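A.B. asks: Fold the following.
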Amino acid sequence: MDMSTNVTLVLSKEGSRQGSDKRPLTQNCVAVYAAKNCGWQDSKALQSSLLGLLPLLKVSEMQGYDPESGSRPGAAARLEQIPV
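C.D. replies: Residues are numbered from 1 along each chain as shown. Now for the predicted structure:
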């Protein structure tokens, strides 16, 4: 398993509250792959160490958020979000 490649996720904020949104637009992470001939090794993202622009969603805009009770989707549901 190879965990030697650092990648920076580049995020994009959309919406009307960009000025008050203080969340960072980058997130550092490590690319993990198991095979020596993995297709990711030759990808543009790993060659440049950048992956993005990825949409940064607010929890209140996610599917499963209930504005009346304020209940938020769980971690698994947040991972499965697909921007519309």
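A.B. asks: got the contact list for the most centrally placed residue in the chain?
C.D. replies: Residue closest to the average C-alpha location in the chain (Cα atoms, centre = their mean): L54, at 6.0 Å. By Cβ atoms under 8 Å, 6 or more residues apart in numbering, the residues touching L54 are 9-12. The way it works is simple: take the backbone N, C-alpha and C, and place the C-beta from them, glycine included.
A.B. asks: Not including adjacent chain positions, what is the nearest residue to S12?
C.D. replies: Nearest residue to S12, sequence neighbours excluded (Cβ to Cβ, 6 or more residues apart in numbering): L53, at 4.2 Å.
A.B. asks: quick one: that neighbour and V10 touch, right?
C.D. replies: Yes. Counting by Cβ atoms under 8 Å, L53 does reach V10; the two are 5.7 Å apart.
A.B. asks: quick revisit: tell me the secondary structure for the residue nearest to S12?
C.D. replies: Under DSSP: H, G, I helix; E, B strand; the rest coil, L53 falls in the strand class.
A.B. asks: pLDDT-wise, which helix or strand of the protein ranks last?
C.D. replies: helix 75-79 (a mean of 79; mean pLDDT, DSSP states H and E).
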